[in-house]
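[1] Quick one: sequence and predicted model below, then my questions.
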Amino acid sequence: MQKIKKTALIIVAIAMLAACSLALFACNSSKSVDYSVDNDFEVEIVETEDYVAYKPKGVNCKYGMIFYVGTAIAPSLYEYLAMPLAAQGYLMVFPLADLYMTYMDYKETEYAFYDFEGTQFFIGGHSQGGGAAVKRIQENPDKALGAILYSPLCYLEDNIHGLNMPTLLLEAAGDHVLTDEMKASALSRLDEDMLEHHMITPGAHMSFSTMDADGILGMFNGDGDGISEEDKQLQRELTVTYTLAFMRAHLPATEEKDIDWLHYL
């Protein structure tokens, strides 16, 4: 009888060990990303009450971007950016705010930092969302790999000058939403020696999103001055290209090997 009990215990132990092994395999079945090569992952969209996330399916994302939207612009209108970056293996998180007012409804806590603890983030934003990105980096500089700003509108004392933060600044030559003073003010908040700056010509302020129908542009002082549909599309293509190249160039040193920079520029 004791021999039977001992055998039964051994069988149960083996079964439990097998179950644990299967569970461990399941937990670790997510793919690791080789960020030095082109990827083409399937993308899934997850929405919570705090954010919308574009995630490469079945992938363990080491890197990503938290992106604050422009005034009253829904995250889906930046899908041109989110989809290709997520397909490359980057987690794209859009914090949600009332009426998409990401600066006016700025939240002290950025939930993405806690919900995705295994991911290191660049912090980005467009227009007033660029101002929110500057504010977030000023408050949490240790959580940012770099700043990615599209025609940012900076407010009050928000400033990342002196933080030695790698920064990508994209502006549109035909931007009639921001005044010259607003543009100069935003530039003064950044570290010039850490700055990569591109002026997209002709370009429109609103064409950093897809909320840029001609009627919309006309409401903003003729933003873009009659920019064509081809110009709008080119602006977004350049935005993706510059953003991806910047992110790849500023990954931690262990991820920089074997990258052909010219391929992305």
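    Sure thing, it's come through.
[2] what's the first-to-last distance across stretch 64-81?
    End-to-end distance of stretch 64-81 (Cα to Cα, to the nearest Å): 12 Å.
[3] next one: stretch 201-212
    End to end - Cα to Cα - stretch 201-212 spans 16 Å.
[4] And that stretch, how far out from the chain middle?
    18 Å (Cα atoms, centre = their mean, to the nearest Å).
[5] pLDDT averaged over it - what is it?
    Across stretch 201-212, the average pLDDT comes to 97.
[6] now stretch 253-263
    Per-residue scores along stretch 253-263 average to 50.
[7] can you map out the helices along the stretch 1-150 of the chain?
    Assignment of helices within the stretch 1-150 of the chain using DSSP state H, counting those that start in this stretch yields the ranges 2-27, 79-87, 112-115, 128-139.
[8] domain parsing for the chain?
    Domain segmentation of the chain under automatic domain parsing yields 1-32, 34-264.
[9] Lowest average confidence across the ones you listed, which one?
    domain 1-32 (a mean of 47).
[10] Please name the bridge partners of the residue nearest the centre of the chain.
    What sits nearest the mean C-alpha location of the chain, by Cα atoms, centre = their mean, is M65, with 2.5 Å. Going by DSSP bridges, M65 is paired in beta bridges with M92, F122.
[11] my read: it touches Q88, true?
    No - M65 is not in contact with Q88 according to Cβ atoms under 8 Å; the separation is 11.2 Å. (Each C-beta comes from the backbone N, C-alpha and C, glycine too.)
[12] All the helices of the stretch 151-265 of the chain, residue numbers only.
    Going by DSSP H, counting those that start in this stretch, the stretch 151-265 of the chain shows helices at 180-188, 214-218, 229-249.
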